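Visitor: only the shape, not the letters, is given here:
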């Protein structure tokens with residue numbers, strides 16, 4: 001909880017930490033309801049390619065760098081209410097995966113560019129020796145190898161949510177009502193959650 005409070009502004013995490021610090025012996029003050037919401041999807045990584053003909057060797061060269069494509073976020077409203085309370089509670093942001101993905105990409109981009117340029121240099125040297133040894137057939141073989149092998153790394157993040165929301169509370173009731181609306185329209189009737 002101490003680490004979580006340092007990296008998130010989530011009001012529920014702060015409240016749970018305060019409860020734990022005040023009363024560590026008793027379990028009576030602890031929350032009995034926890035809600036995690038995975039909202040949207042993290043940006044997708046796609047390969048951005050540049051293909052061109054090498055004027056010195058006659059081979060076709062191919063350079064690929066990963067790029068991020070943001071997902072279209074929908075406005076999703078989630079609220080929770082109990083039978084003995086008229087006010088609804090809304091979960092607050094626990095973490096923003098989108099920001100983490102963009103930060104990682106920003107830090108890795110110079111390395112990705114250097115890596116692509118190093119691969120291109122290696123392709124040119126390989127193309128030169130294949131052309132020298134096999135003539136025009138070597139240039140064709142080099143082109144096939146360059147197009148088949150060169151791909152950017154597009155792994156990671158794809159299946160993660162864009163944001164994670166969190167809510168925790170203590171309720172002295174047996175059931176809670178969960179209401180979900182996407183783009184202002186309710187996608188389902190209020191769901192009753194047993195506690």
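Guide: Perfect, thanks for sending it. Keep in mind it's a predicted model, so treat the numbers as computed, not measured.

Visitor: residue 2 against residue 17, yeah?
Guide: Yes: in this structure, residue 2 is within contact of residue 17 by CB atoms under 8 Å, at 6.9 Å. In this view, the C-beta of every residue, glycine as well, is placed from N, C-alpha and C.

Visitor: out of those two, which sits in the busier spot?
Guide: A count of neighbours by other CB atoms under 10 Å puts residue 17 above the other of residue 2 and residue 17, at 14 against 8.

Visitor: mind checking the SS state of the spatially most central residue of the chain?
Guide: Nearest to the mean C-alpha position of the chain, by CA atoms, centre = their mean, lies residue 42 at 3.2 Å. Look at residue 42: counting by DSSP: H, G, I helix; E, B strand; the rest coil, its state is coil.

Visitor: pull the contacting residues for it.
Guide: The contact partners of residue 42, taken as CB atoms under 8 Å, 6 or more residues apart in numbering, are 71, 97-98, 101, 157-162.

Visitor: is residue 187 in contact with residue 181, as I believe?
Guide: Yes: if you go by CB under 8 Å, residue 187 and residue 181 touch, sitting 6.8 Å apart.

Visitor: who's more crowded, those two?
Guide: residue 181 (14 against 10).

Visitor: name the helices or strands packed onto the helix or strand encompassing that one?
Guide: Secondary structure from DSSP states H and E places residue 181 in strand 175-182. Contacts defined by 3 or more CB pairs under 8 Å, 6 or more residues apart in numbering; DSSP states H and E place strand 175-182 against strand 76-82, strand 191-194.

Visitor: now render the ones you listed as TSV, adding mean pLDDT, distance to residue 10 and mean neighbour count.
Guide: As requested, those are exported to TSV (pLDDT from 0 to 100; distance: least, CB to CB, whole Å; neighbours: other CB atoms under 10 Å):
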stretch	mean pLDDT	distance to residue 10	mean neighbour count
strand 76-82	78	14	17
strand 191-194	68	20	10
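
Visitor: nearest to residue 9, out of these?
Guide: Comparison of the helices and strands packed on strand 175-182 against residue 9 by CB to CB identifies strand 76-82 as nearest, at 17.8 Å.

Visitor: check which element follows the closest one along the chain.
Guide: In N-to-C order, the element after strand 76-82 by DSSP H and E is strand 92-96.

Visitor: what does stretch 132-146 contact?
Guide: By CB under 8 Å, 6+ apart, stretch 132-146 touches 57-62, 123, 126-127, 129-131.

Visitor: among the residues you listed, name the ones in strands.
Guide: 60-62 (DSSP state E).

Visitor: I'd like these as a markdown table, with neighbour count and distance to residue 170 appended.
Guide: Shown next, in a markdown table, are these (neighbours: other CB atoms under 10 Å; distance: CB to CB, whole Å):
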| residue | neighbour count | distance to residue 170 |
| --- | --- | --- |
| 60 | 19 | 66 |
| 61 | 20 | 64 |
| 62 | 20 | 59 |
